[in-house]
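> generate coordinates for the sequence data below:
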Amino acid sequence: MINAADTAWILTATALVLLMTLPALALFYGGLVQAKNILSVLVQCAAVAAICSVLWFAVGYSLSYSGDGDWLGDGAAIFLNGMGRDTVRAGTHIPESVFVMFQMTFAVITPALIIGAYVERIRFAAVLLISALWMLIVYAPVAHWVWGGGWLAKMGVMDFAGGIVVHVTAGVSALVIAWMIQPRHEFPHGIRPPHAPWMVMVGASLLWVGWFGFNAGSALSSGADAGMAMLATHLSAASATLVWMAIEWIKFGKPSLVGAVTGTIAGLATITPAAGIAGPLGAVLLGAAASCICYLGVWLVKRVMGVDDALDVLGVHGVGGALGTLALPLVALIGSGTGHLNHVPLQQFTVQAIGVVSVALFSAIATYLITRLADMLVGLRVDLEHETLGLDFATHGESGYHMNR
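Residues are numbered from 1 along each chain as shown. Below you'll find the model as predicted:
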């Protein structure tokens, strides 16, 4: 039976998750780059959303959610074959069309997150090719492993809304692509600050709101689990925002706007896998830990590893998603309002670690091969002249700003 309340909530959550890519992530990333590259980021987000949506309809959904194989879905749902207007998604009380659309928004935002690693220096054709292949070769199998009844699900891995499926895959893949494409020519000492911090804040605010659909929507119902997931999500984001501000205040004497909202995103990414099990106290503590660990992660990637992950996809999303996934058994023991584990805490931690490590390795290897193929077919990097001129005009023939002189 289709439940009207559940369906209405997931329809709303679907719109909120799509909001996270367009316009939220586009504005968040667009404000962080130089003014001469803002349009390139916006069109990359829009194009990735479009191409991954069509691929999800064609084969992505079938590879992720049809069949019960250990490694990959079967072809039963290619082109959404067999899905009627009134078909109910198994295990839920919502139409399968709504489930398809909700999960499509996850398949859209995950490759879009990776855009932050290679901004200001990549060929547009490479963006399209890498994103399309990555969604089919990396995202779809991992979604099946964890959410579609695959081998990690059978092992008992818990990932409520995408700590592994979204954030670990995107973060690790971002590091690989950033390493392969090489740093921007000003990196590390000549990189200019974000050209529009206000835009970063607007994008982050929309992400914060959209994340309620991301996490609370993953309950696939409008009941108690959705309510607690929303509360945990908000508290983690708030806690992480304050802690990141405090770190900058102590270290530099001034808390920055960009730093504060970076903390927000770290808290949101970290609570994502645990939103279905954390209570309020666990969420606050996990958010605080997220800022500390993700701040360290950003520093290690850029200053120690020397990789120009331009907008800190691994440091914030990858590290945050892994932290939340591994800490999930612990937050289940903290405070009231917590959910239930699939195993005793120590065994659950072992299972969670297997999930993180195996997906990280798979993502790294597959992304390396995809990126090498894209480099051979269309080339990865624009030339120095176009990088200096800016991708807005060099690639798209437009400018984000027209100043009167």
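> so where's the stretch 251-400 of the chain shaky on pLDDT?
In the prediction, the stretch 251-400 of the chain carries no residues with pLDDT under 70.
> what segments of it are helices?
For the stretch 251-400 of the chain, the helices defined by DSSP state H, counting those that start in this stretch occupy 257-271, 280-299, 319-331, 345-377, 384-389, 391-396.
> closest one to residue 142 among these?
helix 345-377 (5.5 Å; CB to CB). In short, each C-beta sits where N, CA and C put it, glycine included.
> and the closest one, what does it pack against?
Helix 345-377 sits against helix 124-134, helix 140-147, helix 151-155, helix 169-181, helix 319-331, with contacts defined as 3 or more CB pairs under 8 Å, 6 or more residues apart in numbering; DSSP states H and E.
> pull out the buried positions in the third one.
The neighbour-count criterion (16 or more other CB atoms under 10 Å) identifies 151, 152, 153, 155 as the buried residues of helix 151-155.
> could you redo these as JSON lines and give each row pLDDT and distance to residue 273?
Converted to JSON lines, the buried residues of helix 151-155 look like this (pLDDT from 0 to 100; distance: CB to CB, whole Å):
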{"residue": "151", "pLDDT": "98", "distance to residue 273": "18"}
{"residue": "152", "pLDDT": "98", "distance to residue 273": "12"}
{"residue": "153", "pLDDT": "98", "distance to residue 273": "14"}
{"residue": "155", "pLDDT": "98", "distance to residue 273": "15"}
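> looking at these, which is nearest residue 216?
Closest to residue 216, out of all of the buried residues of helix 151-155 and judged by CB to CB, is residue 153, at 21.1 Å.
> show me what contacts the residue nearest to the closest one when sequence neighbours are not counted?
Spatial nearest neighbour of residue 153, chain neighbours left out: residue 146 (5.9 Å); criterion: CB to CB, 6 or more residues apart in numbering. Contacts for residue 146 (CB atoms under 8 Å, 6 or more residues apart in numbering) come out as 152, 153, 157, 159, 164, 165, 355, 359.
> mind redoing it with 7 Å?
By CB atoms under 7 Å, 6 or more residues apart in numbering, the residues touching residue 146 are 152, 153, 157, 159, 164, 165.
> quick check: it vs residue 21, distance?
Per CB to CB, to the nearest Å, residue 146 is found 21 Å from residue 21.
> surely residue 121 touches residue 381?
Yes - taking CB atoms under 7 Å as the definition, residue 121 is a contact partner of residue 381 at 5.7 Å.
> tell me, what's touching those two both at once?
residue 181.
> neighbour-wise, which of those two wins?
The neighbour comparison of residue 121 against residue 381 (other CB atoms under 10 Å) goes to residue 121, with 24 against 17.
> ok, now how distant is the more buried one from residue 113?
Applying CB to CB, the value for residue 121 to residue 113 is 18 Å.
> ok, back up a step: dump the contacts of residue 146 into CSV; add distance to residue 286 as well.
Formatted as CSV, the contacts of residue 146 follow (distance: CB to CB, whole Å):
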residue, distance to residue 286
152, 22
153, 23
157, 18
159, 15
164, 16
165, 18
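> tell me the one of those residues nearest residue 306?
Residue 306 lies nearest to residue 164 out of the contacts of residue 146, by CB to CB, at 26.9 Å.
> what pLDDT does the model give the closest one?
Looking at residue 164, its pLDDT is 98.
> hmm, it is touching residue 323, no?
No - with contact defined as CB under 7 Å, residue 164 does not reach residue 323; the gap is 11.7 Å.
> out of the two, which sits in the more crowded spot?
Between residue 164 and residue 323, residue 164 has the larger neighbour count (other CB under 10 Å), namely 29 against 26.
> which residues touch the more buried one?
Contacts of residue 164 (CB under 7 Å, 6+ apart): 146, 273, 321, 325, 355, 356, 359.
> mind putting those residues into JSON lines with distance to residue 84?
Below are those laid out as JSON lines (distance: CB to CB, whole Å):
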{"residue": "146", "distance to residue 84": "27"}
{"residue": "273", "distance to residue 84": "33"}
{"residue": "321", "distance to residue 84": "35"}
{"residue": "325", "distance to residue 84": "36"}
{"residue": "355", "distance to residue 84": "34"}
{"residue": "356", "distance to residue 84": "38"}
{"residue": "359", "distance to residue 84": "33"}
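> most neighbours, which of these?
Of the contacts of residue 164, with other CB under 10 Å as the count, residue 273 tops at 36 neighbours.
> how close does that residue get to residue 303?
Taking CB to CB, one finds residue 273 at 27 Å from residue 303.
> return the distance of stretch 107-124 from the chain's centre.
In this view, stretch 107-124 has its centroid 11 Å away from the chain centroid, taken as CA atoms, centre = their mean, to the nearest Å.
> number of residues surrounding the closest residue to residue 341 other than its chain neighbours?
Spatial nearest neighbour of residue 341, chain neighbours left out: residue 348 (4.7 Å); criterion: CB to CB, 6+ apart. Per other CB under 10 Å, the neighbour tally for residue 348 reads 20.
> hang on, isn't residue 348 packed against residue 333?
No - Residue 348 is beyond contact range of residue 333, at 10.6 Å (criterion: CB under 7 Å).
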